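Engineer: take this sequence and fold it.
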Amino acid sequence: MALKETKVVRDPIHGNITLTDLEVAVLDTPQVQRLRNIKQNGFCYLVYPAMNSTRFEHSLGVMHLAGRVADQLGVHYDDWEMLRVAGLLHDVGHYPFSHTLDELIAKFGVPHEERSSELIKTTELSDILKAHGMNPSVIAEMVMGRGNLGKVISSEIDVDRMDYLIRDSYYAGVAYGVIDLDRIISSIKLVGREIVVDRRGLEAAESLLINRNMMYQTVYRHHTKRIAEAMFRRAIQSAFEEGMRHDSILKMDDIDLVHSLRNSGTYSRGIMGRIDRRLLFKRFFKENVSLLLESFREDAKKRQVEIDNKIADDIGVERGSVLIDMPKTKMSEFRILVDCEGEMRRIDEVSSLAKALERSESDKLIFYVYVDPKYLDKTKGFDAEKYIQYSQTMLKKFY
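Structural biologist: As a prediction, the model looks like this:
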């Protein structure tokens, strides 16, 4: 859709991105500018040095792709503009270090999508949107994946995923995230309020699943990144124990939080110093998540520090020197809808490749236990069964 050019931003992924007056006004708010200081991929830079892109660039990319999908759907200009603004604002409520703190924040805050929705309705963003004839509540609903066009922003095959796969693979220097954007977008249509892929775009949708799977295995779940994240979360938990307010994190960016931890107690300062020098904990136990009972998975998330301390006590090392790490297990892309001659079916029902990827997903999820390297010798003979019993579960035995 043609628009009156007011500003052009050069993006390494999508080329020139043109912004309207409204988008420039939204872009220049403190809420959106804050995203310049929130890394897109947390501690990935410890493994892939160029992965220092931020939520700011990603939001511009999502806005751009939302406009392309809106063009494909042939929506009215007002809906086109609202969809682009929703793409620009979809991450405005993100907490520091992106998804690194999701489970920790969940104990005292709301998911970042809900916070984004709230900021759109209650800050100066609301005033700007109203001044340009936009309804903040409608855009807030879009950010949550609701309303007539919300699935473009948040669904199993949304513009958020499209942008981060391409952008992250570019900065990581790997080819796994390369997807056929033109083919996918040209095959997208709206059925009711659902985003559906036409049958002719099935192969492109399959490539998205394959590439996302590869990105998770080699980049997003890289063990070095996961170790740094586990250490960072424990540093924050220690800072909470020493008086840092839980809600203080909600308005911080990466710089604010790191500064706060460096000025916190001895443990938190020490952990930050180790991350700075890449002196990370080491893995000493791992188990495939598919072998763990669901009750243990939940237990490991809810009572992490308690279990950390129990293991540390059992092997005779300082508390805070042992960390457990249970990965997230959700991968919703297998619910992508495909239009098979008027019948809407899930992609894993019509694609043997998607079905195989779904089956293999759980086999690649690994639960780890980490330890301060100086105590590695203490971990010899670690009794996993005793640990699992402490969590009131047991490993499934089938061999």
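
Engineer: pull out the buried residues from stretch 223-242.
Structural biologist: 223, 225-240 (16 or more other Cβ atoms under 10 Å). In this view, the C-beta of every residue, glycine as well, is placed from N, C-alpha and C.

Engineer: partner residues bridging residue 322?
Structural biologist: residue 371 (DSSP bridges).

Engineer: start at 516, not 1
Structural biologist: New numbering, starting at 516: the last item is residue 837.

Engineer: I'd assumed residue 883 was in contact with it.
Structural biologist: No. Counting by Cβ atoms under 8 Å, residue 837 does not reach residue 883; the two are 11.1 Å apart.

Engineer: so those two - more neighbours on which side?
Structural biologist: Neighbours per residue, other Cβ atoms under 10 Å: of residue 837 and residue 883, the larger number sits with residue 837, 28 against 19.

Engineer: next, the contact list for the more buried one, please.
Structural biologist: Contact analysis of residue 837 by Cβ atoms under 8 Å, 6 or more residues apart in numbering lists 823-824, 826-827, 830, 884-887, 890.

Engineer: rewinding a little: okay, and which of the buried residues of stretch 738-757 map to helices?
Structural biologist: Assigned to helices by DSSP state H, the following of these qualify: 738, 740-755.

Engineer: just the helices in the stretch 566-715 of the chain please.
Structural biologist: 570-588, 592-604, 617-620, 627-637, 639-646, 651-658, 665-668, 674-687, 696-701 (DSSP state H, counting those that start in this stretch).

Engineer: format these as a markdown table; extra columns: distance to residue 526.
Structural biologist: Putting those into a markdown table (distance: least, Cβ to Cβ, whole Å) gives the following:
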| stretch | distance to residue 526 |
| --- | --- |
| helix 570-588 | 6 |
| helix 592-604 | 13 |
| helix 617-620 | 27 |
| helix 627-637 | 21 |
| helix 639-646 | 22 |
| helix 651-658 | 21 |
| helix 665-668 | 18 |
| helix 674-687 | 9 |
| helix 696-701 | 13 |
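
Engineer: dump those into TSV; add distance to residue 786, mean neighbour count and mean pLDDT as well.
Structural biologist: Shown next, in TSV, are those (distance: least, Cβ to Cβ, whole Å; neighbours: other Cβ atoms under 10 Å; pLDDT from 0 to 100):
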stretch	distance to residue 786	mean neighbour count	mean pLDDT
helix 570-588	24	23	97
helix 592-604	33	23	96
helix 617-620	14	17	83
helix 627-637	24	19	94
helix 639-646	35	16	98
helix 651-658	33	23	97
helix 665-668	35	26	95
helix 674-687	25	22	96
helix 696-701	40	16	94
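
Engineer: and of those helices, who's closest to residue 798?
Structural biologist: With Cβ to Cβ, the closest approach to residue 798 among the helices of the stretch 566-715 of the chain belongs to helix 617-620: 19.9 Å.

Engineer: now what about that closest one, what contacts it?
Structural biologist: 610, 626-627, 748, 751-752, 764-765, 816, 843.

Engineer: now with 10 Å, please.
Structural biologist: 609-611, 614, 624, 626-627, 630, 747-749, 751-752, 755, 761, 764-765, 816-817, 819, 841, 843 (Cβ atoms under 10 Å, 6 or more residues apart in numbering).

Engineer: and the end-to-end length of stretch 708-723?
Structural biologist: 22 Å (Cα to Cα, to the nearest Å).

Engineer: between the helices of the stretch 566-715 of the chain, which one is closest to residue 897.
Structural biologist: From the helices of the stretch 566-715 of the chain, taking Cβ to Cβ, the stretch that ends up closest is helix 617-620, at 24.4 Å.

Engineer: centre of the chain to that closest one, how far?
Structural biologist: Centroid displacement of helix 617-620 relative to its chain, using Cα atoms, centre = their mean, to the nearest Å, is 12 Å.

Engineer: quick one on the thing from earlier: among the helices of the stretch 566-715 of the chain, which is nearest residue 554?
Structural biologist: helix 570-588 (7.8 Å).

Engineer: just the angle between the closest one and helix 627-637, please?
Structural biologist: Relative orientation of helix 570-588 versus helix 627-637 (axes from the mean of the first three to the mean of the last three Cα atoms, to 10 degrees): 80 degrees.

Engineer: could you check the angle helix 570-588 makes with helix 651-658?
Structural biologist: Helix 570-588 and helix 651-658 are oriented at 90 degrees to each other (the same axes, to 10 degrees).

Engineer: can I get stretch 828-846 in PDB, CA atoms only?
Structural biologist: Provided in PDB are the C-alpha atoms of stretch 828-846 (Å, rounded to 0.1, in the frame of the first residue of the first chain):
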ATOM      1  CA  ASP A 828      24.100 -29.600  50.500                       C
ATOM      2  CA  ASP A 829      24.100 -33.200  49.400                       C
ATOM      3  CA  ILE A 830      27.400 -32.900  47.500                       C
ATOM      4  CA  GLY A 831      29.000 -30.700  50.100                       C
ATOM      5  CA  VAL A 832      29.400 -27.400  48.200                       C
ATOM      6  CA  GLU A 833      28.400 -23.800  48.900                       C
ATOM      7  CA  ARG A 834      24.800 -22.900  48.200                       C
ATOM      8  CA  GLY A 835      24.600 -20.900  45.000                       C
ATOM      9  CA  SER A 836      27.200 -23.100  43.400                       C
ATOM     10  CA  VAL A 837      24.700 -25.500  41.900                       C
ATOM     11  CA  LEU A 838      22.000 -24.500  39.400                       C
ATOM     12  CA  ILE A 839      19.300 -26.600  37.700                       C
ATOM     13  CA  ASP A 840      18.000 -25.600  34.300                       C
ATOM     14  CA  MET A 841      14.700 -26.900  32.900                       C
ATOM     15  CA  PRO A 842      14.100 -25.800  29.300                       C
ATOM     16  CA  LYS A 843      10.800 -24.400  28.000                       C
ATOM     17  CA  THR A 844       8.900 -27.100  26.100                       C
ATOM     18  CA  LYS A 845       6.300 -25.100  24.100                       C
ATOM     19  CA  MET A 846       6.400 -25.100  20.300                       C
END
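
Engineer: pLDDT averaged over it - what is it?
Structural biologist: For stretch 828-846, mean pLDDT is 88.

Engineer: all good on my end, thank you.
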